[in-house]
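**Student:** Curious how this folds, go ahead:
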Amino acid sequence: MGNKNNNRSSVPIGLIALGVLLIAGAAVWYFYAISPQTTTIPETATAPQEPAAEISRVSLADAKAAYDNGSAVFLDVRDAESYTRSHVPGAILIPLNELQERSKELDPSTRIITYCT
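**Tutor:** Take a look at the predicted model:
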């Protein structure tokens with residue numbers, strides 16, 4: 001008789017475990033279905049280009065010194081939302097996709113330090 005009673009108490013536990021597994025499976029499926037799918041870059045895509053030889057890279061220490069003594073203009077080429085979140089104080093915003101058409105806004109005789117991160 002003790003064995004029948006033990007068998008009866010394991011049935012609800014088994015049903016609860018099955019329910020938990022079904023809910024977990026549904027949750028995983030739901031989050032997978034709503035998550036953005038990653039895209040693969042086609043092999044025909046070009047790799048990032050190396051900086052032009054005539055454009056020198058600036059170390060963080062040199063950029064900080066130029067900022068402190070006001071010897072350079074800082075140009076932020078990110079999008080407006082990124083600029084709004086955080087930027088170098090006093091930096092000019094010209095998003096990269098607008099740079100060619102808006103380059104006349106910059107004084108070519110001034111040292112320009114461009115950043116995008």
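
**Student:** quick one: buried residues of stretch 66-77?
**Tutor:** For stretch 66-77, a neighbour-count test (16 or more other C-beta atoms under 10 Å) marks 66, 67, 72, 73, 74, 75, 76, 77 as buried. C-beta here means a position set from N, CA and C on the backbone, and glycine is covered the same way.

**Student:** Sketch out the strands for this structure, chain order is fine.
**Tutor:** Using DSSP state E, the strands of the chain run over 73-76, 92-93, 112-115.

**Student:** will you turn those into TSV that also has mean pLDDT?
**Tutor:** Listed next are those as TSV, based on pLDDT from 0 to 100:
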stretch	mean pLDDT
strand 73-76	95
strand 92-93	96
strand 112-115	92
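
**Student:** Export the buried residues of stretch 66-77 to a markdown table and append columns for distance to residue 18.
**Tutor:** Listed next are these as a markdown table, based on distance: C-beta to C-beta, whole Å:
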| residue | distance to residue 18 |
| --- | --- |
| 66 | 66 |
| 67 | 63 |
| 72 | 67 |
| 73 | 66 |
| 74 | 61 |
| 75 | 61 |
| 76 | 56 |
| 77 | 56 |
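
**Student:** what comes up buried for stretch 12-24?
**Tutor:** In stretch 12-24, no residue is buried by neighbour count (16+ other C-beta under 10 Å).

**Student:** which other residues reach it?
**Tutor:** Contacting residues not belonging to stretch 12-24 are not present [C-beta atoms under 8 Å, 6 or more residues apart in numbering].

**Student:** if you average pLDDT over that stretch, what comes out?
**Tutor:** The average pLDDT within stretch 12-24 is 77.

**Student:** Can you check what pLDDT the model gives residue 39?
**Tutor:** pLDDT at residue 39 comes out at 49.

**Student:** could you pull out the helices for this protein?
**Tutor:** Assigned helices in the chain, in chain order: 2-34, 60-69, 80-85, 99-102 (criterion: DSSP state H).

**Student:** if we can go back for a sec, quick check: which of the strands of the chain is nearest to residue 54?
**Tutor:** strand 112-115 (13.2 Å; C-beta to C-beta).

**Student:** Report the buried residues of the closest one.
**Tutor:** Buried, per 16+ other C-beta under 10 Å, within strand 112-115: 113, 114.

**Student:** That's all I had, so thanks and see you.
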